[in-house]
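> Got a predicted model here, sequence first, then my questions.
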Amino acid sequence: MDILLVASAFNSLTQRVYAELTDHGHRVDVVLASHGTDPVRAAVARTRPELIIAPMLKTALPEDLWREHTCLIVHPGPPGDRGPSSLDWAIMEEAPHWGVTVLRAEAAMDAGDIWASTPFRTARTGKSDLYRNEASDAAAAAVLLAVRRYEEGAFKPLPQNDPSVRVVWRDPLRQARRRIDWAGDSTATVLRKLRAADSQPGVLDEILGREVFLHGGHPEDRLRGRPGDLLATRAGAVCRATADGAVWIPELRPRKNSGDPAPFKRPAAAVLGPGAPREEPVPLELPAGRDTWSDIRYRQQGDTGFLSFSFPGGAMSTDHCRRLLAAYRHALTRPTSVLVLGGARDFFSNGIHLNVIEAAPDPGAESWANLNAMNDLVEAVLRTTDRLVVAALGGNAAAGGVMLALAADEVWCRTGTVLNPHYRRMGLYGSEYWTYSLPRRVGERTAGQLTTDALPVSAATAHRLGLVDRLVPARAAEFATEVDRLAAELAGTAALGGRIAAKAAARARDESVRPLGEHRRAELARMHAIFFDPAASYHALRSAFVRKTPSGTAHPLAPAADPFGGSTR
């Protein structure tokens, strides 16, 4: 069937719907509604779709379109739920269950006939994480069900005035309701407010006399102070005292028109500058019983090591890469036969940190430093020959993040994961040894197609192509436990020693044919020319992406900031 997706941005959910509909044999086109209604009308006239679906839309579809065509809207709320802040309210009110509804577009918001709905169990996490995992799983299932019902032609949609539908209008969740009372709000209340605003719109607050938006929230078990005071920093995050404890806030965003030249999300300590408090590190191997935030952790179970990491939006700055490399080297000192990278829910990695780069005094130089730090990390994984390395992707990955995963011996993906194994839509050639890792898995022809077409692929397609070795059909909340089980099983196999020896021999053979250093030099020569050319499209695309402004060179499938989550680079 010919399907047209209309979206405000090609965000994580739009990418997943695109990939899964394509997997089911449908011919799918995408048009962005962020540039007005004329491009949408033109796309409808050009593609003549049988069905129009809006996975993520911040503006109403033109009336002439929904009157003349079947237009289905994906709403991140259960049947009868109406309003633009559905997931925000679910988190604020600690709803144990929520849902996604696919309904027909009409004049009133979220009031059309219901074509499908899928419930899900909520998790104690930020809105963006919930959106990309539990809500995304439910949305994909609901869209596929609605499409199948439309194809069959016999289904009668459920009107919202049906007695079984409880209609609830939820007003937009304004900053006045989100505002934190540091002297009176408990840690639990502060965390609810922070998580309900992650990653958009953030919680407006004042720190050190500056108005900023707070992004992300995690509990702290030991540090205490006067409510509202900044207590410490850690890996770029800041710790702030609440009425009965403290919370960690990883990112801040200066308010627009505040005079800050970089009014976009960045590590909190970088935004505060010299006013940031002292560093409060924690061990890489966190003692049992601790409930504090750290973005990189190592643990060991028998012969298996687990190096987990979680960076906001999946973006990895120069500092992130260097700290993760140090942690990786620590992991290599431990007596294990299997080492698992990742394993947490949400993003695995999206490669270099465009926001940090955009804020740098010299973005070209910072791009270069960031890419080299990422390459150092990937190279360390590629050169590991004394154990098997597994990349466990509980969430999406893109660009250099995909290549980091492909450096491992095995790639395990949760079935809801979407991969973007390309760089072109950010105007980049790419590095992270992709010219070695990608062809060795999928062949030269498919590698060229993936990097040229620059389209997202589902976990199932990635598995079919050879990018992924194992699909893990687990819910987001169960993924880490399932990875633990599978890793222990792998470490206990009798053939493991032989696999490790064969791996070392294969690496030596590959090195004799073309050393890794040659791949790196060739890739970096292309990237250096881009980074230090002011006229290269990368600079305009990066700035538009970070600052959320239109770009004249943007493609309808260009990377987009996720309004419910982090970047989808």
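Structure's in. What do you need?

> Low-confidence ranges, the protein, go.
551-569 (pLDDT under 70).

> in the longest helix along it, what's buried?
Counting by DSSP state H, the longest helix found in the chain is helix 363-382. Under the neighbour-count criterion of 16 or more other C-beta atoms under 10 Å, helix 363-382 has 363-364, 366-375, 377-382 buried. The C-beta positions use only the backbone N, C-alpha and C, and glycine is treated the same way.

> now do stretch 224-244
225, 227-228, 230-242.

> which one among those residues gets closest to residue 167?
residue 242 (36.2 Å; C-beta to C-beta).

> Can you report how many residues neighbour the residue lying closest to the closest one once chain neighbours are set aside?
In this structure, residue 242 finds its nearest non-sequential neighbour in residue 187, 4.6 Å apart by C-beta to C-beta, 6 or more residues apart in numbering. The number of residues packed near residue 187 is 18, by other C-beta atoms under 10 Å.

> and what of residue 16?
Neighbour number of residue 16 under other C-beta under 10 Å is 24.

> same question, residue 176
7.

> what's it in contact with, if anything?
Residues counted as contacts of residue 176 (C-beta atoms under 8 Å, 6 or more residues apart in numbering): none.

> change it to 10 Å
Going by C-beta atoms under 10 Å, 6 or more residues apart in numbering, residue 176 touches residue 204.

> Tabulate the CA atom coordinates of the host helix or strand of it in PDB.
Using DSSP states H and E, residue 176 sits in helix 175-178. Extracted in PDB, the C-alpha atoms of helix 175-178 (Å, rounded to 0.1, in the frame of the first residue of the first chain):
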ATOM      1  CA  GLN A 175       5.800  26.100  33.300                       C
ATOM      2  CA  ALA A 176       3.800  27.500  36.300                       C
ATOM      3  CA  ARG A 177       2.700  23.900  37.100                       C
ATOM      4  CA  ARG A 178       6.200  22.500  36.400                       C
END
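
> Which residue is the nearest non-sequential neighbour of residue 329?
residue 380 (7.0 Å).

> Contacts only, for the one you found.
324, 325, 328, 329, 332, 389, 407.

> And the residues you listed, which of them are buried?
Looks like these have 324, 325, 328, 332, 389, 407 buried, using 16+ other C-beta under 10 Å.

> what ranges do the strands span in the stretch 251-400 of the chain?
251-254, 266-267, 296-301, 304-309, 338-345, 388-394, 397-398 (DSSP state E, counting those that start in this stretch).

> which stretch among the ones you listed comes nearest residue 94?
strand 338-345 (18.8 Å).

> quick one, what contacts residue 133?
12, 120, 123, 125, 345-346, 394-396, 414, 416-417, 475-477, 479, 565.

> Tell me if it really is in a helix.
Yes: under DSSP: H, G, I helix; E, B strand; the rest coil, residue 133 falls within a helix.

> which of the contacts of residue 133 are buried?
12, 120, 125, 345-346, 394-396, 414, 416-417, 475-477, 479, 565.

> need the contact list for the most centrally placed residue in the chain.
Closest to where the C-alpha atoms of the chain average out (C-alpha atoms, centre = their mean) is residue 347, at 4.2 Å. Counting by C-beta under 10 Å, 6+ apart, residue 347 touches 12, 128-129, 132, 309-316, 393-398, 401, 417, 565-569.

> For residue 520, state which of the buried ones among the contacts of residue 133 is nearest.
residue 396 (25.7 Å).

> is it true that residue 230 touches residue 241?
Yes: Residue 230 sits in contact with residue 241 when judged by C-beta atoms under 10 Å, with a separation of 8.0 Å.

> Could you tell me how far stretch 183-191 lies from the centre of the chain?
27 Å (C-alpha atoms, centre = their mean, to the nearest Å).

> Check the separation of the first and last residues in it.
Start and end residues of stretch 183-191 are separated by 14 Å (C-alpha to C-alpha, to the nearest Å).

> Could you do stretch 434-449 as well?
13 Å.

> what do you get for stretch 212-221?
25 Å.
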